[in-house]
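**Student:** For reference, the sequence and a predicted model appear below.
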Amino acid sequence: MSDRRQAPRDEAGQLTVLIVGFAVILMVAVAVVVDASAAYLQRQGLDNLADGAALAGADGGAQGIEVYTRGLDGVRVELVAESAHRAIRAYLTSTGAHQRYPGLAYEVQVGTDTVTVEIRAPLDLPIAFPGSPERATIAATGAAVVTLDR
């Protein structure tokens, strides 16, 4: 029986490569979490803003002067698109939405008894990767329905 031992290979520097590789992976993970958190927080803010704008639009569209001059048809309140748009603009102005979210854009759809508001705003990502877009667009949608209680 021969007890041959192999001479240890020179593995100097291998640990350095592993540590550098792990550090790069960790930095990428932190960057993704930071960017995703920023996008999530902006989306939550835009969700609240869209919901509030839809409620303001439904309230303004259903309680305009038109309700008093034309009356109610008995089953549903007909929303007046012009009044709803006016109420949404006033809501966004009063909340300072354009100052809080520079570049904010919105679209309004007024149905017979529903107001839907889609709000979009650009987000400068805190950590940008080379080759990735520096700005993301975040969007949120809010809707409100007007019904009559009998």
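**Tutor:** Perfect, I can see it now.
**Student:** CA atoms for contacts and neighbours, from now on please.
**Tutor:** Fine.
**Student:** Please tell me the pLDDT value assigned to V146.
**Tutor:** As predicted, V146 sits at a pLDDT of 81.
**Student:** So for it, what's the nearest residue that isn't a sequence neighbour?
**Tutor:** For V146, the nearest residue in space outside its immediate sequence neighbours is D113; the separation is 5.3 Å by C-alpha to C-alpha, 6 or more residues apart in numbering.
**Student:** do you know how far the one you found is from A62?
**Tutor:** Separation of D113 from A62 (C-alpha to C-alpha, to the nearest Å): 9 Å.
**Student:** Kindly report the same for I138.
**Tutor:** The gap separating I138 from A62 is 29 Å, by C-alpha to C-alpha.
**Student:** so I88 sits right up against D51, yeah?
**Tutor:** No. The pair I88 and D51 fails to qualify as a contact (C-alpha atoms under 8 Å) at a distance of 10.6 Å.
**Student:** Neighbour count: those two, which is higher?
**Tutor:** For I88 and D51, the more surrounded residue by other C-alpha atoms under 10 Å is I88, and the numbers stand at 26 against 20.
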